[in-house]
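Next one to model:
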Amino acid sequence: MIDASDQAVKVKLCGLMSSQDVSVARDAGADYIGFVLAPSRRKVAPDDVHHWLHDASSQESTAACTPVLVLVDESLEQVVRYTQQTGVRHVQLCGDETPEQCAQLRNVYGLVVWKAWGVRGTAQDRELIQYSGAVDALLLDRYADHTRGGTGQPFAWEQIDEIHALVPQMPLIIAGGLTAERVTSLLSHNHPFAVDVSSGIETAGSKDPQKMSAFVQTVRSVSHVSR
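Now for the predicted structure:
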């Protein structure tokens with residue numbers, strides 16, 4: 001389990017679609033970079049991810065960021081196959097993956113597992129308790145019926161404290177409609193393990209280097225209020 005108690009808030013730039021995106025994210029100082037392998041306009045091929053990461057590792061840079069594969073309702077065998085193809089050991093599961101499946105990926109295959117959850121603000125959120133001990137972190141996003149992955153809209157942030165109370169030892173990653181402007185408001189009241197952004201660092205559907213850098217710089221500069 002990640003110890004998020006006294007760490008600075010981490011930044012994940014998600015939905016990268018090119019070698020240039022990877023380079024910009026590294027130079028901006030992102031902690032994590034996400035690659036979508038699920039159906040999406042941002043979907044990329046595992047072989048491309050492997051090549052982009054290989055190219056990035058050969059570049060002279062002191063920056064390092066951890067890659068994450070974004071997946072939806074894949075079989076355990078397919079998840080493992082993707083990690084072998086890409087060399088990536090972090091997976092973000094955005095479908096109906098059960099606590100048992102998540103625990104198997106962690107305990108049998110040695111993967112770092114993040115489980116995405118659409119926040120409902122109802123008693124159904126109590127189901128998150130079942131993921132305690134089964135995943136390394138929970139990614140909280142806006143709930144949308146029949147939709148997998150992000151909606152590009154924020155959820156009710158007052159729910160963060162309620163979910164934290166349900167799973168007090170679980171690192172929380174906050175996603176959903178974040179931008180450099182909105183993340184300031186979020187972090188003035190919350191101190192999550194990490195924040196995740198995709199559409200908020202795009203212009204006309206493509207990653208925008210200026211927005212990517214601005215988002216990371218904003219998170220770094222905000223005075224965080226500890227839980």
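
Any buried residues in the lengthiest strand in the chain, and which?
Secondary structure assigned by DSSP state E gives strand 112-119 as the longest strand of the chain. Going by neighbour count (16 or more other CB atoms under 10 Å), the buried part of strand 112-119 is Val112, Val113, Trp114, Lys115, Ala116, Trp117, Gly118, Val119. Any C-beta I mention is one placed from the backbone N, CA and C, and that applies to glycine too.

Run the angle between the helix or strand just after that strand and strand 112-119 for me.
Toward the C-terminus, strand 112-119 is succeeded by strand 137-142 as the next helix or strand (DSSP states H and E). Angle, strand 137-142 to strand 112-119, by axes from the mean of the first three to the mean of the last three CA atoms, to 10 degrees: 30 degrees.

Which parts of the protein are helices?
Under the criterion DSSP state H, the chain carries helices at the ranges 19-28, 46-58, 76-86, 99-107, 159-166, 180-189, 209-221.

Comparing the ones you listed, which comes out most buried?
helix 19-28 (a mean of 20; mean count of other CB atoms under 10 Å).

Going by contacts, tell me the helices and strands next to that helix.
strand 32-36, helix 46-58, helix 209-221 (3 or more CB pairs under 8 Å, 6 or more residues apart in numbering; DSSP states H and E).

Surely Asp31 and Ala194 touch.
Yes. The pair Asp31 / Ala194 is scored as a contact, 7.0 Å apart, by CB atoms under 8 Å.

Now do the shared contacts for those two.
Lys10, Val11, Lys12 (CB atoms under 8 Å, 6 or more residues apart in numbering).

Pick out the residue closest to the middle of the protein.
Asp196 (5.1 Å; CA atoms, centre = their mean).

ok so, going back, identify the residues contacting the longest strand of the chain?
So strand 112-119 is contacted by 68, 89-94, 97, 102, 105-106, 125, 128, 131, 134-144, 147, 149, 155-156, 159, 163, 173, 175 (CB under 8 Å, 6+ apart).

Output that strand as CSV, nothing but the C-alphas.
Provided in CSV are the C-alpha atoms of strand 112-119 (Å, rounded to 0.1, in the frame of the first residue of the first chain):
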residue,chain,number,x,y,z
VAL,A,112,0.4,-2.1,-8.8
VAL,A,113,-3.4,-1.8,-9.0
TRP,A,114,-5.5,1.4,-9.0
LYS,A,115,-9.3,1.0,-9.1
ALA,A,116,-11.4,3.8,-10.6
TRP,A,117,-14.7,4.5,-9.0
GLY,A,118,-17.5,6.8,-10.1
VAL,A,119,-18.6,8.6,-7.0
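
tell me the mean pLDDT for that strand?
For strand 112-119, the mean pLDDT works out to 97.

same question, stretch 133-144
The model assigns stretch 133-144 a mean pLDDT of 94.

now stretch 39-50
Per-residue scores along stretch 39-50 average to 96.

Could you do stretch 188-200 as well?
95.

need the contact list for Arg42.
Contacts of Arg42 by CB under 8 Å, 6+ apart are Gly15, Met17, Val36, Ser198.
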